[in-house]
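# Need a 3D model of the following:
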Amino acid sequence: PSNYLSVPIPRKSWTPKPCNLPKSYLNAKDVVKNFKVRPDDVWFLSYPRSGSTWSNEMIWLIGNDFDYKTASEKSIFERFYWFEGEKINPMFELEHFNHLAHLPSTRPRFIKTHLPAAFLPDEIWTVKPKIIHLHRNIKDVVVSMFHFMKLLRQVDDLNAFVELFMEDGIFITPYHQHVFEYLDLKKLPNFFYMKYEDIKLDMKKTIKDVSTFLNKTVTDEQMELLVNHLSFSSMKDNKMVSADDIIGDLKGDNQNNFIRKGVINSYKTEMTDELIIKLDNWSQQKAIEYNSLEFIQ
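All right, here's what the predicted structure looks like:
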């Protein structure tokens, strides 16, 4: 559609490309594009399975002055709203999109999305709310995505899944277009970029940086409490971030968890050397194609 070619995004010589989305998105595209953005919104952007739930819990607690009481009573999905959730995913029953417009204006809204840049509301680029983008090693993303789809009984072979992923045959592909477009925006003053691997290696630094970005302060005691709260063992047992209320019925007898390992480079225990080389070569080729050599990892 023509309105996707005139997105007021601060990029030069940019032509948005198609994205693999469910047909149900066609019925929602206009209301999504025309969504009213607020200046004090906090938007979280990431490719699926990049560590968004874990990061959302951290960001929400920092942004809400470490309100652990509410965090223990309300699911992260009722605190950090998935913008396009019910518009494109039939398994997602929470009406986030319609609810967002009616939230009181006295507190910032925390909104996450997996949509590419061109598919976001146009006001994202004119109202300029705070934006946080999370990026993760593609090989860990692929493995995590595979296990998530296996959890939903949609795939069962990793090699076949990688082929499908590389052919842009799954949800929210092409992958590199999604990531590179956001990487190109990370120097905007209202844009905060973080890597999953950096968070894992130095969580305290990330907490400090996010706090600064959100104009919040964090004491040493608050820091220690949050680090403990965000530990893998704590998150895995936390029903407020487990998504069991959303995907439980779809799992059937599958006992795998929505939150799996919470470690970096877990792909090394699941991918063959041949598959790793294949994905690395593919990513290098795409990095050159998109002129994003810094992306190569």
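
# same question for stretch 218-233, mean pLDDT?
Stretch 218-233 shows a mean pLDDT of 94.

# next one: that stretch to chain centre, how far?
22 Å (C-alpha atoms, centre = their mean, to the nearest Å).

# In it, which residues are buried?
Across stretch 218-233, burial judged by 16 or more other C-beta atoms under 10 Å covers 218, 222, 223, 226, 229, 230. In short, each C-beta sits where N, CA and C put it, glycine included.

# Residue 44: which element?
strand 42-46 (DSSP states H and E).

# what's that strand in contact with?
If you take C-beta atoms under 8 Å, 6 or more residues apart in numbering as the criterion, strand 42-46 is touched by 52, 55-56, 59, 63, 80, 108-114, 120, 124, 129-136, 182, 214.

# out of those residues, which are inside strands?
Using DSSP state E, the members of those that fall in strands are 110, 111, 112, 113, 130, 131, 132, 133, 134, 135.

# Just give me the closest of the buried residues of stretch 218-233 to residue 84.
Distance to residue 84 across the buried residues of stretch 218-233 (C-beta to C-beta) is lowest for residue 230, with 25.5 Å.

# what's the burial count for the residue nearest to that closest one when sequence neighbours are not counted?
Leaving aside its chain neighbours, residue 230 sits nearest to residue 58 (5.7 Å; criterion: C-beta to C-beta, 6 or more residues apart in numbering). Residue 58 has 20 neighbours, counted by other C-beta atoms under 10 Å.

# same question, residue 68
Residues lying near residue 68 (other C-beta under 10 Å) number 12.

# In contact with residue 175, which residues?
For residue 175, the contact set (C-beta under 8 Å, 6+ apart) comprises 47, 138, 141, 165, 168.

# Check the spacing between the residue nearest to residue 230 and residue 14 real quick.
31 Å (C-beta to C-beta, to the nearest Å).

# Let me know the pLDDT of residue 252.
We have a pLDDT of 44 for residue 252.

# mind listing what residue 217 touches?
Counting by C-beta under 8 Å, 6+ apart, residue 217 touches residue 211.

# Go ahead and flag the most central residue of the chain.
Centroid check for the chain by C-alpha atoms, centre = their mean gives residue 46 as the closest residue, at 3.1 Å.

# Dig out what it forms beta bridges with.
Residue 46 has these beta-bridge partners by DSSP bridges: residue 134.

# Tell me the pLDDT of it.
Looking at residue 46, its pLDDT is 97.

# start to end distance for stretch 189-207?
This stretch, stretch 189-207, spans 18 Å end to end (C-alpha to C-alpha, to the nearest Å).

# Kindly report the same for stretch 73-81.
End-to-end distance of stretch 73-81: 16 Å, with C-alpha to C-alpha as the criterion.

# Looking at that stretch now, give me its mean pLDDT.
Average pLDDT, stretch 73-81: 93.

# ok, now stretch 152-164?
Averaged over stretch 152-164, pLDDT sits at 88.

# Next: stretch 197-208.
The average pLDDT for stretch 197-208 rounds to 95.

# Residues in contact with that stretch: which ones?
The contact list for stretch 197-208, computed with C-beta under 8 Å, 6+ apart, reads 51, 55, 58, 62, 136-137, 194, 218, 223, 226-227, 230, 262-264.

# Can you tell me which of the residues you listed is nearest residue 95?
So of the contacts of stretch 197-208, ranked by how close each gets to residue 95 (C-beta to C-beta), first place is residue 55, at 23.4 Å.

# Identify the residues contacting the closest one.
By C-beta under 8 Å, 6+ apart, the contact set of residue 55 is 44, 46, 132, 134, 194, 196, 199.

# Lowest average confidence across helices and strands of the protein, where is it?
helix 244-251 (a mean of 44; mean pLDDT, DSSP states H and E).

# So which bits of the following helix or strand past that helix are buried?
Downstream of helix 244-251, the first helix or strand assigned by DSSP H and E is helix 273-289. By 16+ other C-beta under 10 Å, the buried positions in helix 273-289 come out as 275, 278, 279, 282, 283, 286, 287.
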